[in-house]
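S.K.: what follows is a predicted protein model with its sequence.
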Amino acid sequence: MLDAVRARLTDSGAEALLVTAPANVRYLSGFSSPEDGAVLVTLDDAWLITDDRYTVQAGEESWLSNQVITREIFERAAGLLEGQTLAVEADHMTIAWRADLERHLNRPVVTTQDLLRPLRMVKRPFEVAWLREAARITDVAFGQVVDATLRPGVRELDVALELERAMRAEGADGVSFEIIVASGPRSAMPHGVASHRPIEAGDLVTIDCGARVGGYHADMTRAIGVGAVQEPLRSWFDAVLAAQRAGVAAIAPGADGTVVDAAARDLLTAVGLGDAFGHSLGHGTGLDIHEGPRLSPRSKDTLAPGMVVTVEPGVYVAGTGGLRIEDLVLVTDTGGEVLSHTPKDYREVG
């Protein structure tokens, strides 16, 4: 892993890299409090740098044998370098941080962007295992909560709270993101996080949730009818489900992100719903809930075995409502393995 980082580092014209983006710090070190740490990588060594609140934790968790305990990360990082050209992560380091670091170095840094992105897109076996477990917990929690909780008069927020409780009880470290429960006209909001709105009979409720386990994020969405759902939402559900299944079927090693996106998007366009599907079909997930690869009309990514992506078409019309259906999918040597096992066919509860 570090050798791959060093190879990309050399291509950037630098001899050392200071990693400060939390997900990248955890990826390189295994340290579970990466917001309070950094990793310094040179051509022949690597250090985890954190402060004295984490001395024991860093010793237990990090697979980097070199650990520096300090409250002055930039000063100590500069002291470990011997005149090497240092690269930093431009998409995370602030202007103020950069100025402080350059003051300690007494020379300018080189900026890089997405240096670790292609490495993180292909999951290591233990990362796939964490994502499988996160998806399993998400399925268990969803199954426990929806039939017992989703009914007229219950607030969206109450459903979200029960989902989080069930995920934690099943072993999750927490939730992957603020849980989305969008009912009635609020279902036209792709990211309509749970509100105090009481769910009503006839609502088609979009629930987007995921468990976080070992730092890795699951992501799944289902749309459930609370009683009979009327047109046009009932027909939209069938269209979105067909598009979602087409997107999953298009997952394969060597497939371009644009092609996978089109497999779903073209079906919605054919039934007049293309303009109501405004976001991309999917994204990678891992130590960040949104990471590469992307499945979109603008994607430049090609799928490879070991990547884990979401497939999540949706339709949203202001004043009427909408829905989304989403699975987590592992790219295999022969196609895609769906990690989300909660049924996604149309159903009614309450």
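M.R.: Received it, and whenever you're ready, just let me know what you need.

S.K.: was I right about residue 168 contacting residue 162?
M.R.: No - if you go by CB atoms under 8 Å, residue 168 and residue 162 don't touch, sitting 11.0 Å apart. Where C-beta positions appear, they are placed from N, C-alpha and C, glycine not excepted.

S.K.: more crowded one of those two?
M.R.: Counted by other CB atoms under 10 Å, residue 168 and residue 162 do not tie: residue 162 has more neighbours, with 19 against 16.

S.K.: where's that one relative to residue 173, distance?
M.R.: Here residue 162 is placed at a distance of 18 Å from residue 173 (CB to CB, to the nearest Å).

S.K.: low-confidence ranges in the stretch 101-250 of the chain?
M.R.: Within the stretch 101-250 of the chain, not a single segment meets pLDDT under 70.

S.K.: just to check, residue 170 is in contact with residue 139?
M.R.: No - judged on CB under 8 Å, residue 170 makes no contact with residue 139 at a distance of 9.6 Å.

S.K.: top helix in this protein by residue count?
M.R.: Scanning the chain for the longest helix, with DSSP state H as the assignment, gives helix 125-149.

S.K.: please enumerate residues in contact with that helix?
M.R.: The contact list for helix 125-149, computed with CB atoms under 8 Å, 6 or more residues apart in numbering, reads 123, 158-159, 162-163, 166-167, 170-172, 176, 207, 209-218, 220, 222, 224, 285-286, 306, 308, 328, 330, 339-342, 349.

S.K.: select only the buried ones of these in ChimeraX?
M.R.: To isolate the buried subset of the contacts of helix 125-149 in ChimeraX, counting by 16 or more other CB atoms under 10 Å, use the following:
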select :123,158,159,162,163,166,167,170,172,176,207,209,210,211,212,213,214,215,216,217,218,220,222,224,285,286,306,308,328,330,339,340,341,342
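
S.K.: among the contacts of helix 125-149, which are in helices?
M.R.: 158-159, 162-163, 166-167, 170.

S.K.: can you give me the helices for the stretch 1-150 of the chain?
M.R.: For the stretch 1-150 of the chain, applying DSSP state H, counting those that start in this stretch gives helices covering 2-11, 22-29, 55-61, 73-80, 95-105, 117-121, 125-149.

S.K.: ok, the stretch 151-300 of the chain next?
M.R.: Under DSSP H, counting those that start in this stretch, the stretch 151-300 of the chain gives helices at 156-170, 233-249, 257-270.

S.K.: quick check: residue 169 vs residue 289, distance?
M.R.: Distance from residue 169 to residue 289, by CB to CB: 21 Å.

S.K.: so between those two, which is more surrounded?
M.R.: Per other CB under 10 Å, whichever of residue 169 and residue 289 has more neighbours is residue 289, with 19 against 12.

S.K.: from residue 20, how far out is residue 35?
M.R.: 10 Å.

S.K.: look up how far residue 149 lies from the nearest residue to residue 9 once chain neighbours are set aside.
M.R.: Sequence neighbours aside, residue 17 is the residue nearest to residue 9 in space, at 5.1 Å (criterion: CB to CB, 6 or more residues apart in numbering). Distance from residue 17 to residue 149, counting by CB to CB: 47 Å.

S.K.: residue 217 too?
M.R.: Counting by CB to CB - residue 217 and residue 149 are separated by 23 Å.

S.K.: with residue 97 instead?
M.R.: 44 Å.

S.K.: so between the two, which is more surrounded?
M.R.: Per other CB under 10 Å, whichever of residue 97 and residue 149 has more neighbours is residue 149, with 18 against 15.

S.K.: and the gap between that one and residue 156?
M.R.: For residue 149 relative to residue 156 (CB to CB), the value is 11 Å.

S.K.: again with residue 311
M.R.: Counting by CB to CB, the gap between residue 311 and residue 156 amounts to 24 Å.

S.K.: between these two, who's got more neighbours?
M.R.: residue 311 (29 against 26).

S.K.: now render the ones in helices among the contacts of helix 125-149 as CSV, adding distance to residue 10.
M.R.: As requested, the ones in helices among the contacts of helix 125-149 are exported to CSV (distance: CB to CB, whole Å):
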residue, distance to residue 10
158, 54
159, 51
162, 51
163, 46
166, 47
167, 42
170, 44
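
S.K.: quick check: phi and psi at residue 84.
M.R.: Phi and psi for residue 84, reported as degrees, to the nearest 10, are phi -70, psi 150.

S.K.: nearest residue to it other than its sequence neighbours?
M.R.: Residue 84's closest residue in space is residue 15 (CB to CB, 6+ apart), at 3.8 Å.

S.K.: from residue 183, how far off is the one you found?
M.R.: Distance of residue 15 to residue 183, given as CB to CB: 55 Å.

S.K.: next one: residue 26
M.R.: Taken as CB to CB, the span from residue 26 to residue 183 is 35 Å.
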